[in-house]
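Engineer: with the input below, show me the fold.
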Amino acid sequence: MEIFAALGGTAWTVFFFIVALSIIVFVHEYGHYIVGRWSGIHAEVFSIGFGPVLFSHRDRRGTRWQIAAIPFGGYVKFLGDADASSVRPVNMPGLSPAERRHTMAGAPLWARSATVAAGPVANFILTFVLLAGILMVAGLPREEPTVGELRALPFGGAELQTGDVILAIEGQPTPDLPSLGALAGVLPDRQTVTYTIRRGDRQMDVGGPHPFPAVVGQVIIRSAAMDAGLQAGDVILRAGGQEVTTFRQLPDIVAQSKGAPVPLTVWRNGQTFELTLVPRIRSVADETGAFVERYQIGIASGMAFVPATRSPGLIESMSLAVAQMWGMTVTTFSGLWHIITGAISSCNFSGAIGIAETMGDAARNGTESFVGMLAVLSLGIGIINLFPIPVLDGGHLVFHAYEAVMRRPPSERALRVLMTIGLTIVLSLMLFALSRDILCM
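Structural biologist: From the prediction side, this is the model:
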């Protein structure tokens with residue numbers, strides 16, 4: 001039975017990895033295709049996947065759209081070239097100047113550059129659309145802390161109700177959620193506290209659970225908690241042999257374990273059971289942006305209640321999406337720099353196996369988690385493709401910049417050498433990432 005369960009988990013992981021990769025590849029290649037078409041460059045083939053063709057259709061413009069058997073990638077074959085990465089004209093006897101203009105190699109430099117850059121740009125647009133969409137669908141917490149839904153907890157007596165606006169806790173004002181979160185960090189570690197609330201047109205004091213009990217708000221993907229089967233909403237009663245009442249007690253217990261197994265007593269929907277998790281050392285960004293290594297079991301805190309939300313407008317969603325993209329980009333480059341300098345472990349570098357596991361775990365966490373990780377992956381693919389490495393889009397844009405300045409493309413010999421170097425770098429990075437996936441499990 002365990003073998004079948006493992007096979008089922010592997011199939012799940014591979015399926016959602018292929019789904020995510022196919023979406024990202026399609027968007028990336030469609031960026032190349034559509035800008036090439038707008039620029040007057042004819043596309044002969046648009047392929048999702050490589051190898052034997054499973055399905056194909058030729059449209060009225062003469063482009064063959066196809067799905068191939070090997071789903072790990074894709075390409076656009078422009079007239080006169082293999083794909084969108086042409087770096088210099090080629091001899092094509094028999095074509096008139098007008099016909100040659102519709103080839104990738106014979107197109108003006110601006111058209112070739114725009115077509116090459118359009119792939120990564122399309123990935124950035126996909127990330128932007130997905131993040132803005134998540135914000136509009138999921139909503140944002142209301143400015144005033146408002147009870148949206150009470151969580152099931154193993155201790156009763158809570159007098160909070162849905163719709164209550166929390167004005168203060170233990171006499172300390174809570175005008176917004178950030179202030180409530182800051183206050184929760186200094187409240188006593190006990191199960192119940194006193195809330196001052198507004199219910200309808202009345203203001204009153206009521207009892208309720210600590211705003212941040214030891215409840216699992218989110219299970220982090222590729223973590224010990226996910227492997228052990230912890231779920232959002234689970235309440236941890238004991239950890240490492242100690243009783244816990246608030247979430248802030250857990251990080252210290254995990255840190256004190258120094259990687260040794262941590263037994264947990266967990267409550268879920270009226271049932272209590274035992275789990276043992278082995279903390280994993282992870283590199284996380286602190287408040288200054290620097291990365292530090294900490295032992296973690298892979299859970300994020302949840303509140304005693306789900307805050308009521310509001311629907312943000314289009315402009316607000318778009319603005320927040322841009323801010324999130326910028327933050328993700330800064331974190332990506334900061335993480336890469338810390339890996340290169342040895343400040344954090346190279347185990348933070350993921351290859352195909354790690355990405356597949358990430359997408360599979362994200363799908364297990366739900367649609368919002370999967371779409372969010374799809375946005376992260378699309379942004380990462382866009383960034384990587386802009387690296388100035390030959391064979392990548394960024395490398396070809398460097399060649400185009402050289403051609404614009406020198407009024408001629410690089411020589412054939414220089415291109416061959418540079419493309420070989422670029423291919424070696426890319427393959428080496430792929431093998432290194434794969435080795436991290438295998439050795440850091």
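Engineer: can you list contacts of stretch 317-335?
Structural biologist: For stretch 317-335, contacts defined as CB atoms under 8 Å, 6 or more residues apart in numbering pick out 124, 127-128, 131-133, 135-136, 283, 285, 289, 291, 312, 344, 348, 376, 379-380, 383. Any C-beta I mention is one placed from the backbone N, CA and C, and that applies to glycine too.
Engineer: restricted to buried residues, select those residues in ChimeraX.
Structural biologist: For anyone working in ChimeraX, the buried entries among the contacts of stretch 317-335, judged by 16 or more other CB atoms under 10 Å, can be selected with:
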select :124,127,128,131,132,135,136,283,291,312,344,348,376,379,380,383
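Engineer: show me the contacts of stretch 317-335 that map onto helices.
Structural biologist: Using DSSP state H, 124, 127, 128, 131, 132, 133, 135, 136, 376, 379, 380, 383 are the members of those that sit in helices.
Engineer: and for the fourth one, nearest residue in space, chain neighbours not counted?
Structural biologist: Take residue 131 and drop its neighbours on the chain: the residue closest to it by CB to CB, 6 or more residues apart in numbering is residue 321, 4.0 Å away.
Engineer: is that neighbour in a helix, a strand, or coil?
Structural biologist: Put simply, residue 321 is helix when judged by DSSP: H, G, I helix; E, B strand; the rest coil.
Engineer: swap in residue 48?
Structural biologist: Counting by three-state DSSP, the backbone at residue 48 sits in strand.
Engineer: just list whatever residues bridge to it.
Structural biologist: The bridge-partner assignment for residue 48, based on DSSP bridges, gives residue 67, residue 74.
Engineer: next: the one 5 residues further on.
Structural biologist: Counting by DSSP bridges, residue 53 is bridged to residue 68.
Engineer: I figured it hits residue 67, correct?
Structural biologist: Yes. Here residue 53 reaches residue 67: they are 7.4 Å apart, a contact under CB atoms under 8 Å.
Engineer: overlap in contacts, these two.
Structural biologist: Each of residue 47 lies in contact with both residue 53 and residue 67 under the rule CB under 8 Å, 6+ apart.
Engineer: ok so, going back, okay, now the residue nearest to residue 131: neighbour count?
Structural biologist: By the criterion of other CB atoms under 10 Å, residue 321 has 21 neighbours.
Engineer: do the one 4 residues further on as well
Structural biologist: Here the count is done by other CB under 10 Å, and residue 325 has 19 residues near it.
Engineer: please identify the helix or strand for it.
Structural biologist: Assigned by DSSP states H and E, residue 325 belongs to helix 314-340.
Engineer: after that helix, next one along is what?
Structural biologist: Heading towards the C-terminus - elements assigned by DSSP H and E - helix 314-340 is followed by helix 352-365.
Engineer: counting by contacts, list what that next one packs against.
Structural biologist: Here helix 352-365 is seen to pack against helix 2-38, helix 367-385, helix 412-439 when contacts are counted using 3 or more CB pairs under 8 Å, 6 or more residues apart in numbering; DSSP states H and E.
Engineer: for it, the distance to its chain's centre please.
Structural biologist: Helix 352-365 has its average C-alpha position 10 Å from the chain's average C-alpha position, going by CA atoms, centre = their mean, to the nearest Å.
Engineer: pLDDT averaged over it - what is it?
Structural biologist: Mean pLDDT, computed over helix 352-365, is 85.
Engineer: and the angle for it with helix 2-38?
Structural biologist: Comparing the axes of helix 352-365 and helix 2-38 via axes from the mean of the first three to the mean of the last three CA atoms, to 10 degrees yields an angle of 100 degrees.
Engineer: for stretch 355-370, buried residues please.
Structural biologist: Of the residues in stretch 355-370, those with enough neighbours to count as buried (16+ other CB under 10 Å) are 355-365, 369-370.
Engineer: send me it as PDB with only the CA atoms.
Structural biologist: Extracted as PDB, the C-alpha positions of stretch 355-370 are listed here (Å, rounded to 0.1, in the frame of the first residue of the first chain):
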ATOM      1  CA  ILE A 355      10.600  22.600  -8.700                       C
ATOM      2  CA  ALA A 356       8.400  19.600  -9.400                       C
ATOM      3  CA  GLU A 357       8.100  18.800  -5.700                       C
ATOM      4  CA  THR A 358       7.300  22.500  -5.000                       C
ATOM      5  CA  MET A 359       4.500  22.600  -7.600                       C
ATOM      6  CA  GLY A 360       3.100  19.300  -6.300                       C
ATOM      7  CA  ASP A 361       3.000  20.500  -2.700                       C
ATOM      8  CA  ALA A 362       1.500  23.800  -3.800                       C
ATOM      9  CA  ALA A 363      -1.300  22.000  -5.500                       C
ATOM     10  CA  ARG A 364      -1.900  20.000  -2.300                       C
ATOM     11  CA  ASN A 365      -2.300  23.200  -0.400                       C
ATOM     12  CA  GLY A 366      -5.100  24.400  -2.800                       C
ATOM     13  CA  THR A 367      -5.700  26.500  -5.900                       C
ATOM     14  CA  GLU A 368      -4.500  29.800  -4.400                       C
ATOM     15  CA  SER A 369      -1.200  28.200  -3.300                       C
ATOM     16  CA  PHE A 370      -0.700  26.600  -6.800                       C
END
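Engineer: I appreciate the help and will end here.
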